[in-house]
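K.L.:
Take this sequence and fold it.
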Amino acid sequence: MGNESQLRKYGPWALVTGASDGIGRAMAVELAQNGLNLVLVARRQAVLESLAEELEQGSGVLVRVIAADLSLASEVDRVCMETKDLDVGLLVAAAGYGLGGKFQQTPLANDLDMLDVNCRAVLSLTKIFAERFAKRRAGGIVLMSSIVAFQGVALASNYAATKAYIQTLAEGLRTELAPLGIDVLSCAPGPVRSGFAARAGMQLGRTVDPRTVARQALRALGRQTTVFPGLLSKVLVGSLSLLPRQGRIAIMGRIMMGMTRQG
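P.N.:
Residues are numbered from 1 along each chain as shown. Sure, this is the predicted structure:
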């Protein structure tokens with residue numbers, strides 16, 4: 001089965017959060033090229049409208065734009081309400097961000113905001129759309145994990161913890177929802193070429209292109225539990241898997257220190 005037919009089985013609509021930049025934008029482009037209509041969710045209305053116009057003209061799909069701040073529970077609820085009239089069969093929860101730096105120096109408000117976007121919003125959307133997909137007896141869910149999800153990471157402790165939550169959630173849901181016709185995938189990339197690093201206060205060296213992440217993730221949906229897009233993530237995870245957990249923590253901490261300006 002080709003990737004196009006594989007993805008169209010989830011259609012006719014897909015919802016992508018974090019669609020204004022990075023992995024979310026790349027996911028939207030890839031899905032549009034495969035003929036799925038799109039709901040694009042992010043904070044920046046103008047950016048979303050520009051992308052919507054590009055996708056409608058380039059791929060001939062229908063696009064609905066919802067500008068929303070997913071750190072707010074009311075905005076997550078609004079996204080769900082404004083999509084009730086659509087036959088959404090695929091959720092790509094790509095919205096999220098990280099904060100790097102010493103734990104005692106990052107503002108608590110920022111840490112809580114990250115927790116809301118990376119975990120609470122993802123949980124809410126996943127739960128609501130899983131219920132809808134169960135009624136359809138078909139659907140797909142892509143959740144964004146990370147290579148930092150598999151051990152604690154100094155100088156990114158809270159961020160790594162949010163991704164550990166997503167990883168565990170995806171692993172459990174894949175087994176639980178499979179009998180209902182719902183495919184669940186955890187996508188765990190390494191450093192990605194996007195606006196993520198600037199917001200996180202990090203300096204990244206080797207990175208993977210967001211388009212590579214999107215293509216490999218969507219190809220793996222329904223076939224794997226976790227995908228590690230790009231060579232760097234595969235090498236890092238493969239080499240670290242041979243070490244005891246404390247060794248992984250030490251090595252990832254040193255890597256993060258090299259990437260974090262405050263470190």
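K.L.:
Confirm residue 61 sits in a helix?
P.N.:
No - Residue 61: not assigned to a helix; according to DSSP: H, G, I helix; E, B strand; the rest coil it is coil.
K.L.:
residues touching it, list them.
P.N.:
Residues near residue 61 by C-beta atoms under 8 Å, 6 or more residues apart in numbering: 32, 35, 36, 37, 38, 55. For the C-beta atoms, the positions are set from N, CA and C on the backbone; glycine is no exception.
K.L.:
Residue 92 and residue 142, how far apart?
P.N.:
Distance, residue 92 to residue 142, by C-beta to C-beta, to the nearest Å: 5 Å.
K.L.:
More neighbours: these two, which one.
P.N.:
Set residue 92 next to residue 142 and count neighbours by other C-beta atoms under 10 Å: residue 92 wins out with 30 against 25.
K.L.:
Doesn't the more buried one belong to a strand?
P.N.:
Yes - assessed by three-state DSSP, residue 92 belongs to a strand.
K.L.:
what pairs with it across the strands?
P.N.:
Per DSSP bridges, the residues bridged to residue 92 are residue 16, residue 142.
K.L.:
how far does stretch 61-75 stretch from start to finish?
P.N.:
End-to-end distance for stretch 61-75: 25 Å, by C-alpha to C-alpha, to the nearest Å.
K.L.:
pLDDT averaged over it - what is it?
P.N.:
For stretch 61-75, mean pLDDT rounds to 98.
K.L.:
just how off-centre is that stretch within its chain?
P.N.:
15 Å (C-alpha atoms, centre = their mean, to the nearest Å).
K.L.:
Show me which residues of that stretch are buried.
P.N.:
The neighbour-count check on stretch 61-75 (16 or more other C-beta atoms under 10 Å) flags 61, 62, 63, 64, 65, 66, 67, 68, 70, 71, 75 as buried.
K.L.:
Report the contact partners of the second one.
P.N.:
The neighbourhood of residue 62, defined by C-beta under 8 Å, 6+ apart, consists of 37, 38, 56.
K.L.:
Backbone dihedrals for it, please?
P.N.:
phi -90, psi 140 (degrees, to the nearest 10).
K.L.:
ok, now the fifth one?
P.N.:
Summarising the backbone geometry of residue 65 under the convention degrees, to the nearest 10, its torsions are phi -110, psi 130.
K.L.:
pretty sure it contacts residue 45?
P.N.:
Yes - contact criterion C-beta atoms under 8 Å: residue 65 and residue 45 qualify, at 7.0 Å.
K.L.:
one step back: between residue 92 and residue 142, which contacts overlap?
P.N.:
With C-beta under 8 Å, 6+ apart, residue 92 and residue 142 have common neighbours residue 27.
K.L.:
Could you list the low-confidence segments of the chain?
P.N.:
Applying pLDDT under 70 to the chain flags the ranges 1-5, 193-206, 258-263.
K.L.:
Can you show me the strands along the stretch 101-250 of the chain?
P.N.:
Using DSSP state E, counting those that start in this stretch, the strands of the stretch 101-250 of the chain run over residues 139-144, 182-187, 226-227.
K.L.:
Looking at the ones you listed, which is nearest to residue 248?
P.N.:
Nearest of those to residue 248, taken as C-beta to C-beta: strand 226-227 at 16.0 Å.
K.L.:
Check the burial of residue 223 by counting its neighbours.
P.N.:
For residue 223, the neighbour count with other C-beta under 10 Å is 11.
K.L.:
nearest residue to residue 253 other than its sequence neighbours?
P.N.:
In space, residue 253 comes closest to residue 154 once its chain neighbours are excluded; the distance is 3.6 Å by C-beta to C-beta, 6 or more residues apart in numbering.
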